[in-house]
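**Q** coords below, sequence missing:
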């Protein structure tokens, strides 16, 4: 598996492309904001076909199966039915992704979008 093109997005967080075993090609994922009072151990991520969670310390990513309109409810259903894909990114990609997430700890996205992403500054690198 491989991560590439980590970029800031209009939401004020980051997006990245992930290619994992079983994926035909790279999929673009958006990282959800991390609120100031949230426990910072994982963050929700979403592509156009998958929803999941990225765990900062371990570099583990849990993903729902590929489906239209994937969301946290469908993720939970996939988890109950043992259809979750579990992958772990390498140490270099983990540090790079964590660092890029950490530096987005502002309250603004693009085009005047206001968010609470202050918890991002607690991400361990």
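**A** Done, it's in. Not measured: the values here are computed from a predicted model.

**Q** confirm residue 87 sits in a helix?
**A** No - judged by DSSP: H, G, I helix; E, B strand; the rest coil, residue 87 forms no part of a helix; its state is strand.

**Q** from the centroid of the protein, which residue is nearest?
**A** Centroid-nearest residue in the chain, with CA atoms, centre = their mean: residue 45, separated by 3.2 Å.

**Q** quick check: that residue touching residue 30?
**A** Yes - the criterion here is CB atoms under 8 Å, and residue 45 meets it with residue 30 at 6.8 Å. Every C-beta, even on glycine, is put in place using the N, C-alpha and C of the backbone.

**Q** for residue 57, which non-adjacent residue is spatially closest?
**A** Of all residues beyond its chain neighbours, the one nearest residue 57 is residue 124 (6.4 Å), with distances taken as CB to CB, 6 or more residues apart in numbering.

**Q** roughly how far does the one you found sit from residue 74?
**A** 29 Å (CB to CB, to the nearest Å).

**Q** same question for the helix or strand harbouring residue 4, mean pLDDT?
**A** Residue 4 belongs to strand 2-8 when assigned by DSSP states H and E. Taken as a whole, strand 2-8 has an average pLDDT of 92.

**Q** just the buried residues of it, please?
**A** With burial defined by 16 or more other CB atoms under 10 Å, the residues of strand 2-8 counted as buried are 3, 6.

**Q** list the buried residues in the longest helix along the chain.
**A** If you go by DSSP state H, the chain has its longest helix at helix 91-102. Buried residues in helix 91-102, counted by 16+ other CB under 10 Å: 93, 94, 96, 97, 98, 100, 101, 102.
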